[in-house]
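A.B. asks: Sharing a model that was predicted from the sequence below.
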Amino acid sequence: QLQLVESGGGLVQAGGSLRLSCAASGRSFSSYSMGWFRQVLGKEREFVAAISWTGRTINYADSVKGRFAFSRDNSKSTVYLQMSSLKPEDTAVYYCAADFLGTTLYADANKYDYWGQGTQVTVSS
């Protein structure tokens with residue numbers, strides 16, 4: 001079992017930055033590839049980024065490439081999403097997710113085993 005808790009969301013003006021954190025509790029955090037997704041009410045959950053166990057491989061959605069940076073600190077069982085140059089269309093609830101022993105970085109939410117409760121990010125224009 002793995003519990004995930006996101007934090008760091010909030011209200012920011014367009015062009016601003018936020019850093020989201022996702023702290024994990026449970027065993028063998030380094031055995032999980034991790035993902036960030038986001039969801040707007042009434043729409044499907046959207047892939048944002050995924051990171052491998054080691055942190056050496058990272059994939060990004062085209063919509064955030066060059067603006068967001070995904071990292072992990074396995075010693076702290078935490079992943080981070082640094083978001084810069086934020087746009088109003090980035091407004092959503094952001095979720096972190098964990099894929100146990102995942103060797104492929106999936107953009108499909110159904111491939112992930114554990115989810116956090118989400119944190120709201122609102123970007124004003």
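C.D. replies: Nice, thanks for sending it over. Residues are numbered from 1 along each chain as shown.

A.B. asks: Give me the spatial nearest neighbour of residue 46, chain neighbours excluded.
C.D. replies: residue 38 (5.3 Å; CB to CB, 6 or more residues apart in numbering). Every C-beta, even on glycine, is put in place using the N, C-alpha and C of the backbone.

A.B. asks: Residue 13 now?
C.D. replies: residue 124 (5.5 Å).

A.B. asks: What is the burial count for that neighbour?
C.D. replies: When neighbours are counted by other CB atoms under 10 Å, residue 124 registers 11.

A.B. asks: Contact partners for it?
C.D. replies: 11, 12, 13, 14, 88 (CB atoms under 8 Å, 6 or more residues apart in numbering).

A.B. asks: Helices along this structure, start to end?
C.D. replies: Using DSSP state H, the chain contains no helices.

A.B. asks: Give me the most central residue, it.
C.D. replies: Using CA atoms, centre = their mean, the residue of the chain that lies closest to the mean C-alpha position is residue 36, 2.3 Å off.

A.B. asks: So that residue versus residue 71, what's the distance?
C.D. replies: 11 Å (CB to CB, to the nearest Å).

A.B. asks: burial count for residue 98?
C.D. replies: For residue 98, the count of nearby residues is 23 (other CB under 10 Å).

A.B. asks: mind checking how far it is from residue 36?
C.D. replies: Residue 98 is 11 Å from residue 36, by CB to CB.

A.B. asks: Next: residue 16.
C.D. replies: 18 Å.

A.B. asks: Next: residue 13.
C.D. replies: From residue 13 to residue 36 the distance is 21 Å (CB to CB).

A.B. asks: ok, now residue 66?
C.D. replies: 16 Å.

A.B. asks: Okay, residue 101 and residue 4: tell me how far apart.
C.D. replies: 16 Å.

A.B. asks: go on, residue 49?
C.D. replies: 15 Å.
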